[in-house]
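# Following is a predicted model, sequence given first.
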Amino acid sequence: MKLLFSEHLASYNDYAFPYQVWALEDNNEDKASLLNMGFLPSRMKIGLWYLARSTRIDLNQFEPSSENRRVIKKTSPYHFTIQSSDSVRINNTDLLWMRQFVIDVMGDAKVSDHAIKRMFSHHMSDVIFTWKRQDDDRIAGMIPVMVSGGSMFYWMAFINTAVSASGLGSRMMLEAINWAKNDGLSYAYLGTAYSQASLYKTNFSGFEFFDGSKWNTNIDALKYLLNKESLQELLKDKEWLDINGYKGIVDVLNIKRDSH
């Protein structure tokens, strides 16, 4: 892969020089290795990845909870099928309800029609989950999913609000995780965690998030980040270091101290 560093606003007084890290995927590069490094695929361009506060489920640690089972019972009239992305075509009718869902959840122009089609294409996804209600032939929701090297990446759920029910979004993610575990995969990647709304992902056992140095299982550490208003660099943030049991930046980087 080729790394690109796109500069953000720096603070020389704080000795902070931020960069957004992008990665260009090499031909036939193992996507699972990029996911494991904290990168996520960008919907802007095929083969483009960005480093972020990624989240995943360690499927060796995952077991459905009582809350997970409650969600399944609540949405029992709904079922899903799985198809190869090569066999799925997103038509204009699909785009109408998908676009409306994106506007309702993320705001206008966050995801273009072209980006939606790219996510569902075989270039970016391997399988598509399609959800319907048992007594209704209309599509209630769809999920494009990438599978590579023992890992699954869950792009996002598109939900048709005219057909869906409360809790269906959680059920869709849960069943994708169940499928990945039953298929013998090791990790299910679930996007990022930058808002309080992301905390529902922590309801799945085996939850981890990428903190820039490692995959972190400390939910209190994630909550601290979500409540953090200061722009102070994390490795200089004493409270952050304390939460994670670090003594300082040298400890985080596992640098051997000079014994002289």
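In hand now; what should we look at?
# Spatially central, which residue of the protein would that be?
The centroid of the chain falls nearest to G191 when counting by CA atoms, centre = their mean (1.1 Å).
# Let me see the contact set for the nearest residue to it once chain neighbours are set aside.
Counting by CB to CB, 6 or more residues apart in numbering, G191 lies nearest to T55, which is 6.3 Å off, once chain neighbours are set aside. Heads up, the C-betas are built off the backbone N, CA and C, glycines and all. Contacts for T55 (CB atoms under 8 Å, 6 or more residues apart in numbering) come out as Y189, L190, G191, T192, A193, S198, K201, F207, E208, F209, F210.
# ok, now how distant is the last one from I219?
By that I understand F210. 14 Å (CB to CB, to the nearest Å).
# Quick check, F204 in contact with N68.
Yes. Judged on CB atoms under 8 Å, F204 makes contact with N68 at a distance of 7.4 Å.
# what touches both of those two?
L174.
# More neighbours: those two, which one.
Between F204 and N68, counted using other CB atoms under 10 Å, the more crowded position is F204 (25 against 21).
# now that one: how far from M124?
23 Å.
# ditto for Y200
Taking CB to CB, one finds Y200 at 24 Å from M124.
# Any stretches of this protein with poor pLDDT?
12, 14-15, 108-110, 231, 248, 250, 252-260 (pLDDT under 70).
# can you give me the strands in this protein?
2-7, 19-24, 39-41, 48-51, 54-58, 78-84, 127-133, 139-148, 151-154, 158-159, 187-192, 207-210, 215-216 (DSSP state E).
# Out of those, flag the one nearest L226.
Nearest to L226, of all the strands of the chain, is strand 207-210, at 10.4 Å by CB to CB.
# Report the backbone C-alpha coordinates of the closest one in PDB.
Extracted as PDB, the C-alpha positions of strand 207-210 are listed here (Å, rounded to 0.1, in the frame of the first residue of the first chain):
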ATOM      1  CA  PHE A 207     -16.200  -5.200  21.100                       C
ATOM      2  CA  GLU A 208     -12.900  -3.400  20.400                       C
ATOM      3  CA  PHE A 209     -11.900   0.000  19.000                       C
ATOM      4  CA  PHE A 210      -8.700   1.200  17.400                       C
END
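# who are the neighbours of that strand, in terms of helices and strands?
Strand 207-210 is packed against strand 54-58, strand 215-216, with contacts defined by 3 or more CB pairs under 8 Å, 6 or more residues apart in numbering; DSSP states H and E.
# Buried residues of the first one, list them for me.
Of the residues in strand 54-58, those buried by neighbour count under the rule 16 or more other CB atoms under 10 Å are S54, T55, R56, I57, D58.
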